[in-house]
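S.K.: Pasted the sequence and its predicted model underneath.
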Amino acid sequence: MHRVTPAAQLHIGKLYSSANAAPIEALYAAGMPNRFALVAFVPAILLTACGSEPASPPKAPVQSEAIAHETELVRLKLTPEAQKRLGIVIERVGTGTASAMRMTSGEIVIPAGVGGAPINSASNLQQLGLQQVAADGELARARAQLALARVAYDRASALVDEEAGSIRARDEATAALGAAKAAADAAAAQRRLLGPAVASLSNQRYVWVRVPVFGSDLAGLQQGHSALVSPL
């Protein structure tokens, strides 16, 4: 066995005494707060950056809420701004009369004569003008034949009255006069169907507005009242 002298024991005790170890412990303890302070500072920055409150969303103009169940009706609540934008006004209901106005599309047409068809924008004016000229010529020819037939009838009747002509000749003149009159009436009716002359369309004082209306709505229309006409 190796014997340790008291001097060696004393030297070892001095080496590991609390006085010699105190500077090391103090140095270690002095370095620890800096590390903890650095570690605690980073979460504080993260919490500060993530803790900002988001901006509140804008208020919706319409609120929808279910009354009792999702399958039932939905109640709508309009804000005053939404009511003003939509033009909704609440008024007290009283006694009186009210009339409804209906908006529909229409077409301006030239009024025709008695029994004639109106002239609208879809009419072919060139073709219509040719038809009117032909009808005018046919009407003039039929009227001329009617005048001649009337003269022949008057002559035949006068001869019969003077006992200078035959009754057969008067009957033939009567038949010719009737045929000429029927032809003249037919020519006049065909001319009326073609409407007014194309040359007089620019001199119309009044025009018509033709609108499509259902037959079931005719009873509710007030035809004597005025109508407002405006371009599309």
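M.R.: Yep, that arrived.

S.K.: got the residue ranges for the helices in the chain?
M.R.: Counting by DSSP state H, the chain has helices at residues 6-15, 18-50, 80-86, 125-161, 167-193.

S.K.: Just the buried positions in the longest one, please.
M.R.: Residues of helix 125-161 classed as buried by neighbour count (16 or more other C-beta atoms under 10 Å): 128, 131-132, 135, 138-139, 142-143, 145-146, 149, 152-153, 156, 159-160. C-beta coordinates here come from the backbone N, C-alpha and C atoms, glycine included.

S.K.: can I get the CA coordinates of stretch 130-149 in PDB?
M.R.: Output of stretch 130-149 as PDB, limited to C-alpha atoms (Å, rounded to 0.1, in the frame of the first residue of the first chain):
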ATOM      1  CA  LEU A 130     -96.500  48.400-108.400                       C
ATOM      2  CA  GLN A 131     -99.500  46.600-107.100                       C
ATOM      3  CA  GLN A 132    -101.200  49.900-106.300                       C
ATOM      4  CA  VAL A 133    -100.600  51.200-109.800                       C
ATOM      5  CA  ALA A 134    -102.100  48.000-111.300                       C
ATOM      6  CA  ALA A 135    -105.100  48.200-109.000                       C
ATOM      7  CA  ASP A 136    -105.700  51.800-109.800                       C
ATOM      8  CA  GLY A 137    -105.600  51.000-113.600                       C
ATOM      9  CA  GLU A 138    -108.000  48.100-113.100                       C
ATOM     10  CA  LEU A 139    -110.400  50.300-111.100                       C
ATOM     11  CA  ALA A 140    -110.400  53.000-113.700                       C
ATOM     12  CA  ARG A 141    -111.100  50.500-116.500                       C
ATOM     13  CA  ALA A 142    -114.000  48.900-114.500                       C
ATOM     14  CA  ARG A 143    -115.500  52.300-113.800                       C
ATOM     15  CA  ALA A 144    -115.300  53.200-117.500                       C
ATOM     16  CA  GLN A 145    -117.100  50.000-118.400                       C
ATOM     17  CA  LEU A 146    -119.700  50.700-115.800                       C
ATOM     18  CA  ALA A 147    -120.300  54.100-117.300                       C
ATOM     19  CA  LEU A 148    -120.700  52.700-120.800                       C
ATOM     20  CA  ALA A 149    -123.000  49.900-119.500                       C
END
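
S.K.: What lies in contact with it?
M.R.: Residues from elsewhere that reach stretch 130-149 (C-beta atoms under 8 Å, 6 or more residues apart in numbering): 173, 176-177, 179-181, 183-184, 186-188, 190-191, 194-195, 197-198.
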